[in-house]
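With the sequence up front, the predicted model follows.
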Amino acid sequence: MAQNFVKDILKKHKITGYTSYEVGGLGDRGIRGQGLPEEKNVKIEIVLTKESAEMVVEEISRTLFADYAIILYLGDVQVARPEQFT
């Protein structure tokens, strides 16, 4: 599953914190998240520095976009404890 590949990429780049959970919804491929475990959608949230995000986004884009229905989005965030996020 794509989530395992994403987690491997994060580990490779020494990203140690993320949150993942199963999600469902309706998209151009129909309703997702209601069937077999391998059909479930997973959302992974990560807070990264700009430099780390650039490396992770590049690798995910290059290695996974062609084979998986991945939605990857970026947004600026502020955190109360910035030392926790590298």
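Structure's in. What do you need?

who does residue 43 bridge with?
In this structure, residue 43 has beta-bridge partners residue 21, where bridges are defined by DSSP bridges.

what's the average pLDDT for stretch 6-18?
The average of the pLDDT scores along stretch 6-18 is 94.

same thing with stretch 46-55?
If you average the per-residue pLDDT over stretch 46-55, you get 93.

how about it: buried residues?
Within stretch 46-55, the residues that count as buried by 16 or more other CB atoms under 10 Å are 47-48, 52. Heads up, the C-betas are built off the backbone N, CA and C, glycines and all.

Tell me which residues touch the closest residue to residue 3 other than its chain neighbours, please.
Distances taken as CB to CB, 6 or more residues apart in numbering put residue 42 closest to residue 3, at 4.5 Å, once the chain neighbours are dropped. Applying CB atoms under 8 Å, 6 or more residues apart in numbering to residue 42 gives the contacts 1-3, 20-23.

Next, the distance between the ends of stretch 44-55.
Using CA to CA, to the nearest Å, the end-to-end distance of stretch 44-55 comes to 16 Å.
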